[in-house]
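1. sequence first, then the predicted structure, then my questions.
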Amino acid sequence: MRSTTTSTIKRRDFLRVSALTSGGMLIGINFFSSCKPDAAPAVDISLLNFKDFNAYLRIAEDGYVTIFSPNPEIGQGVKTAMPMILAEELDVEWGKVIVEQGKLNTKDFDRQTAGGSQSIRQSWDTLRQTGATARQMLINAAAEKWGVDPATCTTSKGYILNAKGEKLDYGSVATEAAALEVPENVALKDPKDFTIIGTSAVNVDLDKIVTGKPLFGLDYKRDNMVYASVLRPPAFGQTLIKFDDTAAKAVNGVQQVLQFGDKIAVLASNTWAAFKGKNALQATWSDPADLESTEDHNRILTEILDGNRFDTRRDDGDIDKAFTEADQVLERTYHSPFLPHNCMEPMNFFAHVTEKGVELAGPIQTPESTARRVADLLGRDAADVSVEMTRQGGGFGRRLYSDIPLEAAEISDKSGLPVKVVYTREDDMSAGIYRPSVKYRIKASIKDGTVTGYHLKEAAINGNMYGLIPNFFPAAAIPNFRVSTANFQSKITTGAWRAPYTNFLGFAEQAFFDELAELLGKDPVELRIDLLEQAKNNLDDRIQYSPERMIETIRLVAEKGNWGKPPKGVFQGFAAYYSHNTYVAEVAEVMSKNGKPVVTKIIAAVDCGIVVNPTGARNQVQGGVLDGLGHAMYGDLRFINGKPQSNNFNTYRLIRIQETPQVEVHFVPSEESPTGLGEPGLPPAAAAVANAIKASTGQRVYDIPFFNSLQDIKTPS
Amino acid sequence: MAHFSLKINGETREVDVDQDTPLLWVLRDALNLVGTKYGCGIAQCGACTVHLDGNAVRSCTTTVSMVGQSEITTIEGLSEKGDHPLQKAWKEVDVPQCGYCQAGQIMTAAAFLKQNRTPSREDIRAAMHGNICRCAAYNRIEEAVALAAKNH
Ligand code: FES
Ligand code: FES
């Protein structure tokens, strides 16, 4: 059943419809226009051609529907979920849908970015409207053929049905439909009638993945392509003085060695020769006096926290008065180290720069800005640059950055060859753009058994990554509230890492509330709910969360996780966090193994609005939770004199299967528009685990990684 | 350069490569069998796992000259139609996220299940511990190996 809500695609989001020469209908779509009110200028549709649309829907005469998914797939499942939404409103069988990865065309004016868990949230309306509009056009074409009123027709799984019981399949009227006017005010389905959304569809690339077909950037090949390995200064802050490439050039297969900036590229006929050639380079690097070490960072961040040169991000009530009048004050400091992204597929990119144009291909989360930056670097027109997006062996924020495609383009430009830059794991872990080290100091005041004041100070390396946090919980929940930030400018490059802003903040804050609950003699879940109840009365328009939805999520996890009633020998910890428009609450269970606390299970409750693809959604949450756990336990990249002290998995520990608890995921039933899932499972995980560790050993952990400092469970029950 | 005649997935393939070239790069660059993945190059992650005479080995640290007449099986040759019990289980459970580590996971599991047809959960976790999945699809890897063992 169609609901009475109707929807018109806004003029500039318009579909461009035309007939396929091979028969059938082709529709151009702008996935993101509807969410970027001021970014795209109004356009005259008659001037648009297909290049202007960032995705297409093709309905062929054989009835097969091809949906070109516009967004980069980094393992977050959008290549499956986005077409599901469109197919739902179009009313076709999922089995007749073929999904292909769309290419970036730089003339597109809308965003094609994977990041911030925004892909689904931002495209929801457009995808639904597009599917519904195409469906109406097919109905109109069939009605015309039959000579009946379109209003008497309906659809079912790829067929148009009329009142007489006749039916036509979509493919048989697709060509005619393409010639019709694009209708306005098409009806959208009532979410209750969804048949594809909310049912599980497996990853569309699954067959290829389990049989080893080429899919990823590292698998990408072109005729006459050479492989390039890049040597960079070993320490952040060093520069290249000179190098000797005699031994490198003697390696079988090495074709060229070239310098660009402070880096040296070795070009070879195969990957191994390129790696060997790079290792054979003899380079001399500068030795400046101000190279940074982790010890320096720790001292500097502590000095910042002890000082008073902060920017105030939010300031409610009178925080100083709250502390002066407090019965009790709790102050704690939390530390997190640098983290590399460690995508399983090491960084790589293909580039071929010729007079005709610049071809780029590989794993990238931001094809559009990458094309622009490459054009700038080479002094070319952005329209000369094309980007082919491969499947990506993980992103985690690392592939938001264009540094690797820029290297590939520069090397191809200098050598005149089609080049694929391939990083070794060591290169990958040493090349920077890390999640920066951060320290938080949180101080709360208690008066008459309630929390009256909360002051969070942040000392971070490099930019104000955490500028967005002040309007999250516990803002509005505590009357006197302040967030202050300050930073230290480092030579070590930093950037977004899965759940930026919140990946570590979620830990600090939610571990702090556990300790606050202990001090107040309150159950940690009850404390959160009390505070959220209070927040309901103090919401202003900057506040970015809904206390109601958070409370519901917390209640669900408390129920599913048997909060407060752990089985014998099990210790529980709780945390809840809102980020990236999604609400997540988690209960972690810890048991004793040889006296040490071991995480055996994590139960998560999630409110992400309508769940498009339940299997995919579960997978995302499981991955986020385990990523949070793994990095809290083991993540630690240290520096001595600017040089990373770990560069491969023998010196940098990632979570493995034997350290992995079962992760159980529950979704809050919802009819709200869907929000993202790639990130929100992560921020509460470390705190839920830390709080369970406290329950088991009595020890509070304040510093990531936890693993090295875990104490014994004293009285295993 | 040296000449090698390798038995791969039931065929004999001829290659001219340096003797110290890891089998991984021979497969990927010279023979275009790119299902075997590079993750670390130092036998720490398992992304490059292939079978030599049925045993799981890390192709990143196995040089081409070490292979000799051993039969090499890669993910492309694990089954003819992608219907090995593990491949079927992997699809049923919808294991992968980014998918990059999964060929290595499946190859490790395939060699393991040949040796242990009725593994416990602990056996599975011990056998799969050498394979890193950065997306942490571990719950489903465990489930899929158990399912394949059951359906074997
Ligand atoms: S690439 Fe061989 S074990 Fe990691
Ligand atoms: S699925 Fe991404 S590394 Fe395993």
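-> Thanks, I have it. Please read these numbers as outputs of a predicted model, since none were measured by experiment. Ligands and ions are numbered 1, 2, ... in the order given.
2. for the residue of chain B found nearest chain A, which non-adjacent residue is spatially closest?
-> Chain B approaches chain A most closely through residue B:35 (1.9 Å), counting by C-beta to the nearest C-beta. Every C-beta, even on glycine, is put in place using the N, C-alpha and C of the backbone. Spatial nearest neighbour of residue B:35, chain neighbours left out: residue A:212 (1.9 Å); criterion: C-beta to C-beta, 6 or more residues apart in numbering or on different chains.
3. for the one you found, which residues are in contact?
-> Applying C-beta atoms under 8 Å, 6 or more residues apart in numbering or on different chains, we find residue A:212 in contact with B:33, B:34, B:35, B:36, B:74, B:75, B:76, B:103.
4. if I pick the closest residue to residue A:211 other than its chain neighbours, what's in contact with it?
-> Of all residues not flanking residue A:211 in the chain, residue B:82 sits nearest, at 4.3 Å (C-beta to C-beta, 6+ apart). Residue B:82 makes contacts with A:207, A:210, A:211, as judged by C-beta under 8 Å, 6+ apart.
5. so which of those residues wins on neighbours?
-> The most crowded member of those, judged by other C-beta atoms under 10 Å in any protein chain shown, is residue A:210 (29 neighbours).
6. distance of that residue from ligand 2?
-> 11 Å (C-beta to the nearest ligand atom, to the nearest Å).
7. returning to that earlier point: among the contacts of residue A:212, which one lies nearest to ligand 1?
-> Closest to ligand 1 out of the contacts of residue A:212 is residue B:36 (8.9 Å), distances taken as C-beta to the nearest ligand atom.
8. residues from chain B in reach of ligand 2?
-> By C-beta under 6 Å from any ligand atom, the residues of chain B that approach ligand 2 are B:96, B:97, B:98, B:99, B:100, B:101, B:102, B:133, B:134, B:135, B:137.
9. and the residue in the stretch 101-250 of chain A that ligand 1 sits nearest to, how far is that from chain B?
-> The stretch 101-250 of chain A approaches ligand 1 most closely through residue A:218 (11.3 Å), counting by C-beta to the nearest ligand atom. The gap separating residue A:218 from chain B is 7 Å, by C-beta to the nearest C-beta, to the nearest Å.
10. go on, residue A:660?
-> 4 Å.
11. so that residue touches residue B:136, yeah?
-> Yes: between residue A:660 and residue B:136 there is a contact under C-beta atoms under 8 Å: 6.9 Å.
12. can you work out which residues contact both of these two?
-> With C-beta under 8 Å, 6+ apart as the test, residue A:660 and residue B:136 both reach residue A:626.
13. quick one: the nearest residue to residue A:238 once chain neighbours are set aside and residue A:242, what's the gap?
-> Nearest residue to residue A:238 in three dimensions, chain neighbours excluded: residue A:285, at 4.4 Å (C-beta to C-beta, 6+ apart). Distance, residue A:285 to residue A:242, by C-beta to C-beta, to the nearest Å: 9 Å.
14. of these two, which one has the most company?
-> Set residue A:285 next to residue A:242 and count neighbours by other C-beta under 10 Å: residue A:285 wins out with 17 against 9.
15. the more buried one is in contact with residue A:232, isn't it?
-> No: Residue A:285 lies out of contact with residue A:232 (C-beta under 8 Å); the separation is 9.8 Å.
16. shared neighbours of these two, which are they?
-> Both residue A:285 and residue A:232 lack any common contacting residue under the criterion C-beta under 8 Å, 6+ apart.
17. present the contacts of residue A:212 as JSON lines; the columns should include distance to residue A:551 and pLDDT.
-> Formatted as JSON lines, the contacts of residue A:212 follow (distance: C-beta to C-beta, whole Å; pLDDT from 0 to 100):
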{"residue": "B:33", "distance to residue A:551": "54", "pLDDT": "98"}
{"residue": "B:34", "distance to residue A:551": "49", "pLDDT": "98"}
{"residue": "B:35", "distance to residue A:551": "48", "pLDDT": "98"}
{"residue": "B:36", "distance to residue A:551": "49", "pLDDT": "98"}
{"residue": "B:74", "distance to residue A:551": "52", "pLDDT": "98"}
{"residue": "B:75", "distance to residue A:551": "47", "pLDDT": "98"}
{"residue": "B:76", "distance to residue A:551": "52", "pLDDT": "98"}
{"residue": "B:103", "distance to residue A:551": "44", "pLDDT": "98"}
